[in-house]
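> no sequence for this one, just the structure:
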Ligand SMILES: [Zn+2]
């Protein structure tokens, strides 16, 4: 009997039913995209991402201030894979093209040309592998030492027409059709909480928040942006919140420091390195962490 129950709990249907029930009780647990608020499904994400990477070349443009007498960066042309990047300073325009697509960026839209003049560029890669067109600018007034702040822009260039068509079509199907069919959640925002914390106070925390939201008439507007663990403590990021809600979150963030993240029992130790609270049983047997006793969520040794 126990085995049957265990197997049942691992089925997709059980997960959908359990998640749906949770989202009915606590609407803010419904998984949504944090930018557009749409129901967040994992279904096509991987395929869409793959298609997008084949269909589109993405460039970032960033701006950096150079000393007025620095000649190092006065390049105005770059060939990058199949793309040409041309800086026409005199015309005030940056052109990125690859034979399929062409984008012209007016320098005045990204640089304050009254204060800065563009002196050159270079192409570098960001940590995530995105090519970055670094534009170098200098202060027109030599006595002005202002550093350029901001001026960051993303540019997308179609790299493959066929893949772009497939990407657009699939995005349309995803948003206009699948979004309206698959409305039942397969997971909830609460799944991101450490299992021990979820077990110890997850539902109680949701109840407290719902109670306050009902008081404020804000139950359907309140959103969770992210739930995670940081420095051994629960972090609960939200939108459309209130001071009273913050108080509830703060209370549980404090409680979390004294609860084992694996099982939910009172924590007795705090790992170092990757700081997390654990009970004696679940403390990682790992030489990089040192054993620390904890008191009020802090290491005590
Ligand atoms: Zn434990």
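Looks like it came in fine. A quick note: this is a predicted structure, and the numbers were derived from the prediction, not measured. Numbering: from 1, shown residues only.
> setting the sequence-adjacent residues aside, check what's closest to residue 60.
With CB to CB, 6 or more residues apart in numbering as the criterion, residue 60 has its nearest non-adjacent residue at 4.6 Å, and that residue is residue 132. C-beta here means a position set from N, CA and C on the backbone, and glycine is covered the same way.
> how far away is residue 237 from residue 82?
Remark: distance between residue 237 and residue 82 (CB to CB, to the nearest Å) = 40 Å.
> local confidence estimate at residue 122?
You'll see residue 122 listed with a pLDDT of 88.
> wait, residue 221
pLDDT at residue 221 comes out at 93.
> please apply the same query to residue 72.
In this model, residue 72 carries a pLDDT of 65.
> also the one 4 residues further on?
The confidence metric pLDDT takes the value 84 at residue 76.
> partner residues bridging the closest residue to it other than its chain neighbours?
Counting by CB to CB, 6+ apart, residue 76 lies nearest to residue 87, which is 4.2 Å off, once chain neighbours are set aside. On the basis of DSSP bridges, residue 87 is bridged to residue 94.
> what's around residue 87, how many residues?
As a burial measure, residue 87 scores 23 neighbours (other CB atoms under 10 Å).
> touching, it and residue 61? I think so.
No: Residue 87 is beyond contact range of residue 61, at 10.8 Å (criterion: CB atoms under 8 Å).
> can you pull the residues that touch both of these two?
Common contacts of residue 87 and residue 61 (CB atoms under 8 Å, 6 or more residues apart in numbering): 94, 135.
> thinking again about what came up before, quick one: contacts for the residue nearest to residue 76?
75-77, 94-95, 118, 120-121, 135.
> so which of those residues belong to strands?
The members of those that map onto strands under DSSP state E are 77, 94-95, 118, 120-121, 135.
> which residues of the chain fall in strands?
Going by DSSP E, the chain shows strands at 56-65, 77-80, 83-88, 93-97, 102-106, 116-125, 131-139, 153-158, 223-230, 233-239, 269-270, 277-278, 293-295, 298-300.
> so where's this protein shaky on pLDDT?
1, 67-73, 149-151, 286-301 (pLDDT under 70).
> run through the helices of it in chain order.
With helices called from DSSP state H, the chain shows them at 2-9, 12-25, 45-55, 107-110, 161-172, 179-181, 195-197, 203-216, 243-256.
> thinking again about what came up before, please, a ChimeraX command that selects the buried ones among the contacts of residue 87?
Only the buried entries of the contacts of residue 87 go into this ChimeraX selection, using 16 or more other CB atoms under 10 Å:
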select :94,118,120,121,135
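> please name the residues that touch the closest residue to residue 228 other than its chain neighbours.
Spatial nearest neighbour of residue 228, chain neighbours left out: residue 235 (5.1 Å); criterion: CB to CB, 6+ apart. Residues in contact with residue 235 (CB under 8 Å, 6+ apart) are 226-229, 253.
> can you say which of those residues are buried?
Buried members of the contacts of residue 235, counted by 16+ other CB under 10 Å: 227, 229, 253.
> so the first one makes contact with residue 249?
By that I understand residue 227. No: counting by CB under 8 Å, residue 227 sits too far from residue 249 to count as a contact (10.1 Å).
> what is in contact with those two at once?
With CB under 8 Å, 6+ apart as the test, residue 227 and residue 249 both reach residue 236.
> and the gap between residue 285 and the ion?
13 Å (CB to the ion, to the nearest Å).
> which bits of the stretch 151-300 of the chain sit near the ion?
The stretch 151-300 of the chain has residues 260, 262-263, 279, 282 near the ion, with proximity defined as CB under 5 Å from the ion.
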